[in-house]
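Q: Sharing a model that was predicted from the sequence below.
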Amino acid sequence: MQSLFDDVYRILPTKITPTKYSSLFAVRPDGNLLFSCLGGHSSIEGSFDVMDALGGVALHLLGDMHFAARYNDDVDERFDVATMCSEVEGGDVRRKVKKVVTFPFERHMLASGVEVIPTPGHRPGAVSYLVDVGGRRCLFAGDSIYHGGDNWMCPVSRKNRKTMLATLDLLAGIDFDVLLSNTGANNPVCYVEVDRTSRAEFFDDLKSRL
């Protein structure tokens, strides 16, 4: 596990290869959050003991079905939780994960200090999570927005371009301090810090390259 800043960690796969992804872990008094990305055989069992020592996992949250894999079951069993995702993604997630709990695909408070924000475009039921962690407002964006090695981007088809543009306009209006993404395990860039001005510039740049 790598400490990114106060109470936020990056979890690398137990065995790192170019096709695997990183997960993110937030430590909070109201319960720790795991934003896992376990596709591509990205098991994180090597970090279980450290996660346990930091207080375990209260909520196991997915951005979309791309993050689901049989390794979710290992997490859920170890920490006695369920994999959570939007109801839109639930059917696809259940094809890979045994214990799944879905929530409405709408903006709402999922738990104390944890807000669900629908961010369709990359996937129909993709969500991001706005969370207060260590005095920062953190937007966990999954892979709807991620760093590809050279720059930040949005993986989206031409058919879904308008949907993603609307998502980016929505996120540009949300007050957050740092955006975090489940980037590739070999890519050290997984977050960007912003203020009001740089946040607008960040989303304008994303939109210009769609």
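A: Yes, it's here. Numbers count the residues shown, from 1 in each chain.

Q: which residue ranges form the helices in this protein?
A: Counting by DSSP state H, the chain has helices at residues 48-53, 71-79, 90-94, 161-172, 196-208.

Q: Those: which one's closest to Met1?
A: Closest approach to Met1 among the helices of the chain (Cβ to Cβ): helix 48-53, 5.3 Å. In short, each C-beta sits where N, CA and C put it, glycine included.

Q: helices or strands up against that closest one?
A: Packed against helix 48-53 by the contact rule (3 or more Cβ pairs under 8 Å, 6 or more residues apart in numbering; DSSP states H and E) you find helix 71-79.

Q: quick one: average pLDDT of the helix it packs on?
A: Over the span of helix 71-79, the pLDDT mean works out to 96.

Q: May I see the buried residues of it?
A: Tyr71, Asn72, Val75, Asp76, Phe79 (16 or more other Cβ atoms under 10 Å).

Q: Turn these into CSV, including distance to Ser42.
A: Listed next are the buried residues of helix 71-79 as CSV, based on distance: Cβ to Cβ, whole Å:
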residue, distance to Ser42
Tyr71, 7
Asn72, 10
Val75, 11
Asp76, 15
Phe79, 17
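
Q: how far is stretch 146-156 from where the chain is centred?
A: Once both centres are worked out by Cα atoms, centre = their mean, to the nearest Å, stretch 146-156 turns out to sit 14 Å from its chain's centre.

Q: Could you shift the numbering so residue one becomes 38, and keep it that way?
A: Understood, numbering begins at 38; the last thing we discussed is stretch 183-193.

Q: Any chance of TSV for the helices of the chain, columns distance to Trp189?
A: Listed next are the helices of the chain as TSV, based on distance: least, Cβ to Cβ, whole Å:
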stretch	distance to Trp189
helix 85-90	27
helix 108-116	26
helix 127-131	26
helix 198-209	11
helix 233-245	6
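
Q: Asp180: which of the ones you listed is closest?
A: Shortest distance between Asp180 and those, using Cβ to Cβ, is found for helix 198-209: 12.4 Å.

Q: Identify each buried residue in that closest one, please.
A: Under the neighbour-count criterion of 16+ other Cβ under 10 Å, helix 198-209 has Thr200, Met201, Leu202, Thr204, Leu205, Leu208 buried.

Q: what about Val137, distance to Arg233?
A: 37 Å (Cβ to Cβ, to the nearest Å).

Q: between the two, which one's more packed in?
A: Ranked by neighbour count (other Cβ atoms under 10 Å), Val137 and Arg233 place Val137 first, with 21 against 7.

Q: Spatially central residue for this protein, please.
A: The geometric centre of the chain, computed from its C-alpha atoms, lies nearest to Gly179 (Cα atoms, centre = their mean), at 3.1 Å.

Q: Surely it touches Leu98?
A: No - Gly179 is not in contact with Leu98 according to Cβ atoms under 8 Å; the separation is 9.2 Å.

Q: intersection of neighbour lists for these two?
A: Counting by Cβ atoms under 8 Å, 6 or more residues apart in numbering, the contacts common to Gly179 and Leu98 are Phe72.

Q: Noted, bye for now.
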